[in-house]
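Chemist: Here is my input; please provide its structure:
(one chain, ligands or ions: 1)
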Amino acid sequence: MRDPYALIRPLLFRLEPERAHALAFAWGRFLQAMPGFGGAAAALSGGGLPGLRRSVAGLDFPTPLGLAAGLDKGAELLPFWKGLGFGHVEIGTVTPRPQPGNPQPRIFRLPEEGLLLNRMGFNSEGAEVVARRLRDRPAGLRVGGNLGKNKETPDEGALEDYCASYRLIAPLVDYVALNVSSPNTPGLRRLQAPEALKPLLNGVLGLRKEMGLEARPLFLKLAPDLGQEELEATVGVAAASGISGIIATNTTLDRGIVVQALRPRVEAWGAGGLSGRPLAAKARSVRLRILELLGGRLPLIACGGLSSPEEARAALGDGAALLQIYTALIFQGPGLVRRINECLSAAR
Ligand SMILES: Cc1cc2nc3c(=O)[nH]c(=O)nc-3n(C[C@H](O)[C@H](O)[C@H](O)COP(=O)(O)O)c2cc1C
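Modeler: As a prediction, the model looks like this:
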């Protein structure tokens, strides 16, 4: 049977990316509200294939494959993602107070390369609204809450921002991810430096204890653009802090990942982080280094450029505990989730 996404994609891709996103979300909302959606979707998506379950950071995941942060920032489509066959969804980035993000246009596509550029800048409805939605989350899907700071918050106020969101979101999710790696909030990536990271992690871990949520894993999401020494220092601080795992990677600022002939086009779009197939090699080499530095002390969640079942399997073979995708889903559609799950199940 022909993949229905092959028919829908030309229509979606004729639209400006955020309009396509809104249309896809409208379909998602419609579908997930249909009686019997869950059962029908599970049958189509290959849900429940043998050999996919795994335990990471004390949590049981139905499959290693998850949806990366940034697509469902407001936790609007959780039953839909579950129906597509994802084992977990990372909602967010959520900021404590609502904010609009950067002016549009702020997403650009390069379909020939399977690449996106985005400078969304944390458009967020704010932690209160998202928390309210999380109260109705479906069973059987792991949900992570990815937290960030508001744009106008100065570096010194970052910890307070993360804590404000943590108080509202953490009790309602299975794990929390601290995002210190989006390139579109000025100064955010500076939080990866040891002198800023240490107090941030200690502060959030302290709050976790205060709230009696010690068993709720805390992950840290890193950028692929740290130099060798920076990466070593950052991973050292993370591993010593008591957090539960590292997600690698976020988008890159490095235009060098784009083939020479298309680079001027990407540069003309302006600022933003790049994701998708061209990021794969860079993200993988960062992950391999992190795995080496961790030496098994913490699990690694692989993200960045994963675009095929073979790459997904290879990332697990490299030592990743879980996988996340975003950009490849936009270009290849929901069939990719099923293909990856089938491949991982067959390879077990
Ligand atoms: C449009 C867009 C928005 C994103 N927003 C977020 C975000 O809010 N928080 C975050 O941690 N990562 C965000 N990301 C990064 C993804 O979660 C992921 O780390 C990155 O895109 C690399 O994975 P991929 O190549 O599979 O897309 C965003 C990515 C895209 C393309």
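Chemist: what pLDDT does the nearest residue to residue 228 once chain neighbours are set aside get?
Modeler: Setting aside the residues directly before and after it, residue 228 is nearest to residue 289 in space (Cβ to Cβ, 6 or more residues apart in numbering), at 7.6 Å. Backbone N, C-alpha and C define where each C-beta goes, glycine included. Here the pLDDT value assigned to residue 289 is 98.
Chemist: The ligand contacts on this structure?
Modeler: Counting by Cβ under 6 Å from any ligand atom, the residues of the chain lying close to the ligand are 68-70, 73, 92-93, 107, 116, 118, 120, 146, 179, 182, 221, 250-251, 275-276, 279, 303-306, 325-328.
Chemist: Of all residues in the stretch 1-150 of the chain, which one is closest to the ligand?
Modeler: Relative to the ligand, the nearest point of the stretch 1-150 of the chain is residue 70 (2.1 Å; Cβ to the nearest ligand atom).
Chemist: burial count for that residue?
Modeler: By the criterion of other Cβ atoms under 10 Å, residue 70 has 23 neighbours.
Chemist: Helix, strand, or coil at it?
Modeler: Secondary structure of residue 70, reduced to three states by DSSP: H, G, I helix; E, B strand; the rest coil: coil.
Chemist: which residues sit in contact with the residue lying closest to it once chain neighbours are set aside?
Modeler: Leaving out its chain neighbours, the residue that sits closest to residue 70 by Cβ to Cβ, 6+ apart is residue 326, at 6.2 Å. Residues counted as contacts of residue 326 (Cβ atoms under 8 Å, 6 or more residues apart in numbering) are 67-71, 275, 303.
Chemist: repeat that with 10 Å
Modeler: Applying Cβ atoms under 10 Å, 6 or more residues apart in numbering, we find residue 326 in contact with 67-71, 90, 116, 118, 251, 275-276, 303-306.
Chemist: Ok, residue 20 next?
Modeler: Taking Cβ under 10 Å, 6+ apart, we find residue 20 in contact with 8-9, 11-14, 107, 109, 330.
Chemist: Residue 15 now?
Modeler: Counting by Cβ under 10 Å, 6+ apart, residue 15 touches 21-24.
Chemist: Would you quantify the distance from it to residue 3?
Modeler: To residue 3, residue 15 is 19 Å away according to Cβ to Cβ, to the nearest Å.
Chemist: now residue 255
Modeler: Residue 255 sits 32 Å away from residue 3, going by Cβ to Cβ.
Chemist: quick revisit: in the contacts of residue 20, find the pair that's most separated.
Modeler: Farthest apart among the contacts of residue 20 by Cβ to Cβ are 8 and 107. That separation is 18.1 Å.
Chemist: which stretches of the chain have low pLDDT?
Modeler: For the chain, the stretches flagged by pLDDT under 70 are 1, 46-47.
Chemist: residue contacts, residue 321?
Modeler: Applying Cβ under 10 Å, 6+ apart, we find residue 321 in contact with 54-57, 61, 64, 245, 298-302, 315.
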